[in-house]
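Asker: sequence? don't have it. structure:
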């Protein structure tokens, strides 16, 4: 079940995000972002962002357990004004490869269409080949590769899809 993020979910989803960062990005992004301070800083920034209302934040719940986070909203890329963006999609490792990610992508696309958007974009680290392949499998095409300087020190790819 996909439902809006609630205050009681914040610590859980922050842990999901940080666990993903430490396990998935460990080989190719700035190590400072993966340590104790980096994770604590990210948790604080995430909570502030959730409370700001800047994005729509949803969780995927299975058997009364929060297993994924989805953050969506308008793109802030200067060349993609008027596009919708999937800002965050993170799943607990044990729940990956069970179609939950695909459910979240379809949900994001439906929300974008409901809000009148015709294009959706997603950023991923270039070396996160499983994420890039997942998005491509769901109809997204790479439209930009860019070096993401400090704090990441890694390449990112932006993928886009035209919504019908």
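Answerer: Arrived safely, thanks for sending. These figures come from a predicted structure and were not determined experimentally.

Asker: which stretches of the protein form strands?
Answerer: In the chain, the strands defined using DSSP state E lie at 2-4, 56-62, 65-74, 84-91, 119-125, 141-148, 154-162.

Asker: can you list the ones you listed in a markdown table and add distance to residue 35 and mean neighbour count?
Answerer: C-betas here are computed from N, CA, C, even on glycine. Converted to a markdown table, these look like this (distance: least, CB to CB, whole Å; neighbours: other CB atoms under 10 Å):
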| stretch | distance to residue 35 | mean neighbour count |
| --- | --- | --- |
| strand 2-4 | 31 | 12 |
| strand 56-62 | 25 | 19 |
| strand 65-74 | 21 | 21 |
| strand 84-91 | 19 | 23 |
| strand 119-125 | 18 | 20 |
| strand 141-148 | 19 | 12 |
| strand 154-162 | 16 | 18 |
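
Asker: Export those strands as TSV, with columns for mean pLDDT.
Answerer: Formatted as TSV, these follow (pLDDT from 0 to 100):
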stretch	mean pLDDT
strand 2-4	97
strand 56-62	96
strand 65-74	96
strand 84-91	96
strand 119-125	96
strand 141-148	95
strand 154-162	95
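
Asker: Between these, which one is closest to residue 12.
Answerer: strand 65-74 (4.6 Å; CB to CB).

Asker: Who are the packing partners of the closest one?
Answerer: Here strand 65-74 touches helix 10-24, strand 56-62, strand 84-91, helix 100-114, going by 3 or more CB pairs under 8 Å, 6 or more residues apart in numbering; DSSP states H and E.

Asker: Pull the residues that contact the first one.
Answerer: If I follow you right, that is helix 10-24. Identification of contacts with helix 10-24 by CB atoms under 8 Å, 6 or more residues apart in numbering yields 5, 29, 33-34, 38-39, 42-43, 46-47, 50, 57, 59, 66-69, 88, 90-93, 128, 131.
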